[in-house]
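>>> starting from these lines, generate the structure:
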Amino acid sequence: MSTTTVEQIEAEILRLPRKARQQVAERLNAQLWPTGFAPAVEEAWADTVKTRLDDLDSGRVQGVPAAQVFARARRVLARR
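So this is what the prediction gives:
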């Protein structure tokens, strides 16, 4: 596909209303980077999420505030 054609498509997309541009972007992203996983992987993650939520709800574990998590992550990344 020539650059001119890509530029023409881009110009046409930019003339669309915002919602339509968003739909085009979402469809292109889905084509370029599919996010679906194998059913077994999806099921394993769902089980993990359920277990973690049950642990939080029952008090077996305590959550960590997001600010604390992000501060720690920044410190770790700064050392690299």
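>>> okay, CA-based contacts and neighbour counts for the rest of this
Will do.
>>> what is the subsequent helix or strand relative to the strand or helix carrying D47?
Following DSSP states H and E, one finds D47 within helix 39-58. Next in sequence after helix 39-58, counting helices and strands by DSSP H and E, comes helix 66-78.
>>> re earlier: neighbouring contacts of the helix holding D47?
61-63 (Cα atoms under 8 Å, 6 or more residues apart in numbering).
>>> switch the residues you listed over to CSV; also include neighbour count, distance to L16 and pLDDT.
Output for the contacts of helix 39-58, formatted as CSV (neighbours: other Cα atoms under 10 Å; distance: Cα to Cα, whole Å; pLDDT from 0 to 100):
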residue, neighbour count, distance to L16, pLDDT
V61, 12, 49, 96
Q62, 10, 48, 95
G63, 9, 44, 93
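>>> dump those to a markdown table, plus distance to T48.
Below are the contacts of helix 39-58 laid out as a markdown table (distance: Cα to Cα, whole Å):
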| residue | distance to T48 |
| --- | --- |
| V61 | 14 |
| Q62 | 16 |
| G63 | 16 |
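>>> shaky segments in the protein?
For the chain, the stretches flagged by pLDDT under 70 are 1-2.
>>> residue closest to the middle of it?
T35 (8.6 Å; Cα atoms, centre = their mean).
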